[in-house]
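> prediction below, plus the sequence it came from.
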Amino acid sequence: MYSKAIHSILMDPTTHIQKPLRYLLTLLSSALVVFASSSHAQPLTITVKDNQDKILPGIVVYATWLDGETANKMKHSAIDIRQKDKGFNPYLSVVQSNSTVTFSNLDDITHHIYSVTGIERFSYSLQAGKITPPLSIEQAGLIAMGCNIHDWMSGYLLVVNTPHYGLTDEHGQVELNIQQQGQFQVTAWHPQFNEKLSIQTSLPSQSKLVLNLSEKMAKIPSQKSSDDFDFLEGY
Amino acid sequence: MKSLQNKVFFFFVSLLLLLQSIIFISNYRATLSEESRQLDTLLTSAEQNFKNQFEHRSYDLAAFSETAAKDFALKQVFEEDTRSLLVALNNHRKRIDADMVIAVKANGTVVAQLINRLTESNKWKVKVGSEQGQAFGFMQWFELDNDSHLYQLEGDIYQLNFSPIKSGALVIGWVGFGYAIDERLANRFSALTGLTTNFIIKENKENLRLFASSKNDNAKNNSSIAEQQLTKNIINQQANENVIATVYPLGVANEQEIFAVMYGERSDLLLSLQDRWQELLLFAAFLLLTSLVGAYWIAASISRPVKLLVEQVKAITHGNYAQTLSFSSKDELGQLATEFNQMKSAINQREKTISHQAFHERLTGLPNRYQLIAVLKNWLKSPPESFAVLRISPQRMKEVNYTLGHDVGDSVVKEIANRLGNSSENEFIFHIGGSSFALLVKDTNQKQLSAFMTEIEQTMEGEFRVNNTLLNIQVKIGASLYPDHSSQPEQLLTMAGTALQHAQKNSLQHMFYQTSLSLLTVERLHLINGLKSAIYEEQLVLYYQPKLDLKSGLVSSVEALVRWVHPELGMVPPDKFISLAEQTGYIHPLTAWVIDTALAQYSTWQKRDIHLPIAINVSAENLKLPNFYELVISALDKHNLTPDAICIEITESVVVDDPIATIDLLSRFEKRGFKLSIDDYGTGYSSLAQLTQLPICEMKIDKAFVTDLVKNKQDRVIVKSTIELAHALNLGVVAEGIEDEATLDWLRDNGCEKAQGYFISKPKPANEFDPWLLASKYFKAPIEAIQK
């Protein structure tokens, strides 16, 4: 129902150190599948699997350089989060800080999308086919979105403080092209994770990483109404 | 007091009481079960009601908290502005009049807490709760499906429901609304069910705290210790029976159990039923009263006519038949009265008949012996100067009854009554039973009476014609006189009876009572008693009287005559006791004794060469004995003698009763060689025809004809013709009662064979007879006898 991980990571970072043992275990297990990287600036391929060793698509993966500041080097980027079929599409998005985000309504009805918590709080009443003005996002954090009209709709936008991020593809893989060398913390995140999943690695020696969940993932909300909207036909 | 009225009364009362008891008991039981059913229902429905209400509140709270959590305005201010959040939450709270609202952030901080509570000045006031800004203590609640909780805050207990506040799917916090579980709820519920409703918290194992009560608003201040104690007792199931209660667990707050206790006092709950009890009792009392009155009325109405009947019966008991019952009612009692009247007249009629029958003989309609006694008694109260009691009895009525039938006998008796005529002023006729009559004759004397009795005898002389049969009836009369003989009525009657008996026995037409008659009677009884000892104790003696053979002038035989030497009365002549012996049956041992003694004497004489056959008198009764012949033969055998030793003398009367059997028996004796002689010839009534049939060889002429023979010509004619008749029949003749020589001579001259009498010798006992015989001129003694 609720994700413990979200609370622990985003709401109260101090809780990180509460579970050092778990991180250590994760580190050890990950180390087993790490291969030595010989070439410089070679892309780092990361695969995310659940506790059943099943690949997980649509998971945010990002790497943070532990040896220096990267924020000021980040260029501006933009992301559009669509509302389609009365749901946030995609459910989970990721963007680096100092970006703009727009919301486009691809449905034929009005949405009232909002966020009332976290780094950005907004509220847009968005008619069918309209796009919101771009919203600047300065700092990293999580934006939990909902629609005030369609209760079941939910979407997340994770704002990360690094340019090295991506979502796993249908193979559960994401490829990060990292130029810097040194120690990195590679993190996989999803709202329904019940744990913090990250690993430290040194680049460019590594080219492939596999992150395995040790606990079962919570169920992703379906973004479907339990009711039919037959009564809306003809309007 | 066992009267019918009381019985009926008590019966009805008991019946009604029984019925009422049954009704009352069944009512009582029904009411009791109704009571417990009602109580059960009451408790069950109270509990159900409470559960419903409590759940309904929870549902309201849940629904409302969800609505509030979805409120966008609330969401917008949730993380931004505590003041705005508190206002927004208070607005929501007011909408459902919740007593508490609480908001918890996702990190567990209570961001808002408002409580609406009554101040001391009895006003409702909203204030910030004490947990505002604190960490929420029950974060685990949010991981559970159940969103309904009990919450303790500042001593109050709240029923609380949370809903998550979300940003999209992300839960950013929870908002909860709560109702206080307090006096208001208790009062509301109490008003609904009529039960006292208390809320209690179990703070620890021993300590129960009553925190809200419908009964006492100050329960919280422990001012009602009793109420607290009672509630505790209910929970611990120690409350007394009058309290009926149900305990409903509400849940747990801060690990402390909370209960709703609903109870009522039986008496309070069953007020309406108690009213019914009163009704019931009142009804029962009313029924009892009416039934008592009714029972009394019924009892009285039944017993009233019965009482009347009782009085009537009492009257009848005293012989009063005059009254008649009259009942108007046509019911059973009316019928009873009618029947009673009929019965009464029937009884009256029957009583008359019975009393007539009691004092009259049915056959003749004449007053009977009781009447006679009654009249005599009555007379003796004021007696006439003199009167006579006559008893009249016809002769041979037995024979008439037995041979011609009782009908004929009855007709004869009636005819006698007819001939006696009617009672007159001085003569009263009574029929005193059987064929006996009695007459009372007033103012008479012996002479008049004699004439009167002769007159009666003459009246009876005419032939009686009954069923074409002509009968000659002779009556015998016995008479006694007042006051000559006795002054006792029954004694007079007995005396007349004695006289009658004497007349009958002595062949007299009538007889006056004499004192000697009674003495004879007494002596008779005395003799009867003594007969037995006479026979068996050797008081009897045989006397012998010689019979003289007139041709040879010698004694040829003797007649044995029995004598009784009574130890007190001395010598008793045979005519006094033989008839008694015949009547009592002692004649058989007596005759046996005579035969045995005579044969012994014969043997004695025989041994002395004296041959004297002994004549023995045999009674008609003896001949009726079936084995008499055998007895005589065995006696002969005993003494080793032949039949010529004895001569059997019988009287004419033997042939009267059963001539054929008698003649047959006598023939057996004759054939055996016994000599038979007819005694007392001339005194009886036997016919010559019968006489000729008897196997006799001798005839004895009675002394009545012989004694005065010389002087009396008529006697001489009778004797002479008898001798001639006997000879014509080829019989010998013995004359008795010879008292002089002239008679003896006359008899010898006229061909009489034998003679017997005092002139020759009176009867003598053996010890006197022997010397007489040996010395007698009539005896030619053998030499041996003389020598001895």
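Alright, I've got the coordinates. Numbers count the residues shown, from 1 in each chain, chains lettered A, B, ... in the order given.
> tell me the contacts of B:Glu698?
B:Cys647, B:Lys675, B:Leu676, B:Ser677, B:Ile678, B:Leu731, B:Gly732, B:Val733, B:Val734, B:Glu753, B:Lys754 (C-beta atoms under 8 Å, 6 or more residues apart in numbering or on different chains). C-beta here means a position set from N, CA and C on the backbone, and glycine is covered the same way.
> got the phi/psi numbers for the first one?
With angles defined as degrees, to the nearest 10, B:Cys647 sits at phi -120, psi 130.
> same thing with the fifth one?
The phi and psi torsions at B:Ile678 (degrees, to the nearest 10) take the values phi -100, psi 130.
> and it, what does it touch?
Contacts of B:Ile678 (C-beta under 8 Å, 6+ apart): B:Glu649, B:Ile650, B:Thr651, B:Glu652, B:Leu691, B:Leu694, B:Ile696, B:Glu698, B:Met699, B:Lys700.
> would you turn those residues into CSV with distance to B:Tyr586, pLDDT and secondary structure?
Converted to CSV, those look like this (distance: C-beta to C-beta, whole Å; pLDDT from 0 to 100; DSSP: H, G, I helix; E, B strand; the rest coil):
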residue, distance to B:Tyr586, pLDDT, secondary structure
B:Glu649, 19, 91, strand
B:Ile650, 19, 88, strand
B:Thr651, 18, 83, strand
B:Glu652, 23, 76, coil
B:Leu691, 29, 75, helix
B:Leu694, 26, 83, coil
B:Ile696, 27, 87, coil
B:Glu698, 28, 89, strand
B:Met699, 29, 88, strand
B:Lys700, 25, 89, strand
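> outline the domain layout of the chain.
Looking at chain A here, since you left the chain open. Here the domain parsing of chain A from automatic domain parsing is A:4-70+A:163-212, A:76-160.
> I was after chain B.
Split by automatic domain parsing, chain B gives B:70-180, B:321-358, B:361-513, B:524-769.
> in a markdown table: those domains, plus distance to B:Ser303.
A markdown table is the format used below for these (distance: least, C-beta to C-beta, whole Å):
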| stretch | distance to B:Ser303 |
| --- | --- |
| domain B:70-180 | 79 |
| domain B:321-358 | 10 |
| domain B:361-513 | 42 |
| domain B:524-769 | 63 |
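> ok, and the closest non-adjacent residue to B:Lys442?
B:Asn426 (4.3 Å; C-beta to C-beta, 6 or more residues apart in numbering or on different chains).
> which of the contacts of B:Glu698 lies closest to chain A?
Using C-beta to the nearest C-beta, B:Leu676 comes nearest to chain A of the contacts of B:Glu698, at 159.9 Å.
> SS state for the closest one?
Secondary structure state of B:Leu676, per DSSP: H, G, I helix; E, B strand; the rest coil, is strand.
> what's opposite it in the beta bridge?
Partner residues in beta bridges with B:Leu676, using DSSP bridges, are B:Ile648.
> now B:Leu160
Counting by DSSP bridges, the residues bridging with B:Leu160 are B:His149, B:Gly178.
> residues touching residue 130, list them.
The chain I'm using is chain A. With the criterion set at C-beta under 8 Å, 6+ apart, A:Lys130 makes contact with A:Ser104, A:Asn105.
> can you look at chain B instead?
Residues near B:Ser130 by C-beta under 8 Å, 6+ apart: B:Gln113, B:Leu153, B:Glu154.
> could I have the buried ones of those residues as ChimeraX selection syntax?
The buried residues among the contacts of B:Ser130 can be selected in ChimeraX (16 or more other C-beta atoms under 10 Å in any protein chain shown) with this line:
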select /B:113,153
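> dump stretch B:109-123 to PDB, keeping only the CA atoms.
Taking C-alpha atoms only, stretch B:109-123 is exported to PDB below (Å, rounded to 0.1, in the frame of the first residue of the first chain):
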ATOM      1  CA  THR B 109       4.100  13.800  13.500                       C
ATOM      2  CA  VAL B 110       0.700  14.900  14.700                       C
ATOM      3  CA  VAL B 111       0.300  18.000  12.600                       C
ATOM      4  CA  ALA B 112      -3.100  18.900  13.800                       C
ATOM      5  CA  GLN B 113      -5.200  17.800  16.700                       C
ATOM      6  CA  LEU B 114      -8.400  19.600  17.700                       C
ATOM      7  CA  ILE B 115     -10.700  18.500  20.600                       C
ATOM      8  CA  ASN B 116     -14.200  19.800  21.200                       C
ATOM      9  CA  ARG B 117     -15.100  19.400  24.800                       C
ATOM     10  CA  LEU B 118     -17.300  20.800  27.500                       C
ATOM     11  CA  THR B 119     -15.700  23.400  29.600                       C
ATOM     12  CA  GLU B 120     -16.300  23.700  33.300                       C
ATOM     13  CA  SER B 121     -18.700  26.500  32.500                       C
ATOM     14  CA  ASN B 122     -20.700  23.900  30.600                       C
ATOM     15  CA  LYS B 123     -19.900  25.300  27.200                       C
END
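> list the buried ones in that stretch?
B:Thr109, B:Val110, B:Val111, B:Ala112, B:Gln113, B:Leu114, B:Ile115, B:Asn116, B:Arg117.
> any idea how far it is from the chain center?
101 Å (C-alpha atoms, centre = their mean, to the nearest Å).
> give me the contact status of it with chain A.
No. With C-beta under 8 Å from any C-beta of the partner chain as the criterion, chain A is not reached by stretch B:109-123; the gap is at least 10.9 Å.
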